[in-house]
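S.K.: What shape does this take:
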Amino acid sequence: MTPTTTTGSTSDTYEALDAFWSALESSPFLMLGLPAQVAHSQPMTAQFDGRHGPIWFYGSRSSRLVEGLSSTNDAMAQYVGEGHKLFACVAGMLTIDNDPAIIDKFWSNAVEAWYEQGKADPDLVMLRFDPSHIEIWQADMSLMGKIKMMFGGTMSPKDLEGKHVETAL
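M.R.: The predicted structure is shown next:
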């Protein structure tokens with residue numbers, strides 16, 4: 001898949017996408033919500049295999065998120081990386097896809113702890129998020145900016161370095 005960059009250079013885009021997927025691999029937690037629902041997003045643990053496919057979430061049929069699904073399931077996922085050096089907002093489609101092979105693929109003791117009847121729990125639902133667009137901000141403070149921050153100095157825009165990309169996936 002070749003992203004279509006709308007903000008930032010192509011190399012910036014590839015670098016930012018790589019940073020996003022690497023960060024998500026080490027800390028796989030996203031805030032997931034349905035814009036049409038006009039409700040708060042909720043924290044979800046991402047399950048994924050590779051950097052170009054869908055993102056999967058184990059969910060609960062009784063959750064606000066699942067109850068809000070309809071024929072148009074536009075969804076938004078927000079991510080904040082460890083140390084607040086990377087932020088991302090991912091748009092895409094959210095659907096229920098209870099494929100037993102996918103449920104088995106990502107099943108773990110941690111997941112099982114949420115479902116009394118294990119994989120047979122009637123409340124278990126597998127959510128498939130197909131990302132279509134992402135916006136990524138990477139923050140990186142300059143050395144002078146870090147020194148100013150440590151000693152209470154006044155920061156200026158040149159003390160803050162970073163990248164911003166927006167791209168279709």
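
S.K.: Looking at this structure, which helix is longest?
M.R.: Taking DSSP state H as the criterion, the chain has its longest helix at helix 10-26.

S.K.: Could you identify the helix or strand that succeeds that one?
M.R.: Once helix 10-26 ends, the next helix or strand along the chain (criterion: DSSP states H and E) is strand 29-33.

S.K.: Can you name every helix or strand that that next one contacts?
M.R.: Using 3 or more CB pairs under 8 Å, 6 or more residues apart in numbering; DSSP states H and E as the contact criterion, the neighbours of strand 29-33 among helices and strands are strand 42-45, strand 74-80. Every residue, glycine included, has its C-beta placed from N, CA and C.

S.K.: tell me how far the longest helix of the chain is from the chain's mean position?
M.R.: When C-alpha coordinates are averaged (CA atoms, centre = their mean, to the nearest Å), helix 10-26 and its chain have centres 12 Å apart.

S.K.: right, so of the helices and strands packed on strand 29-33, which gets closest to P100?
M.R.: strand 42-45 (19.6 Å; CB to CB).

S.K.: ok, the closest one: who's next to it in the sheet?
M.R.: Sheet pairing of strand 42-45 (DSSP bridges) gives strand 29-33 (antiparallel).
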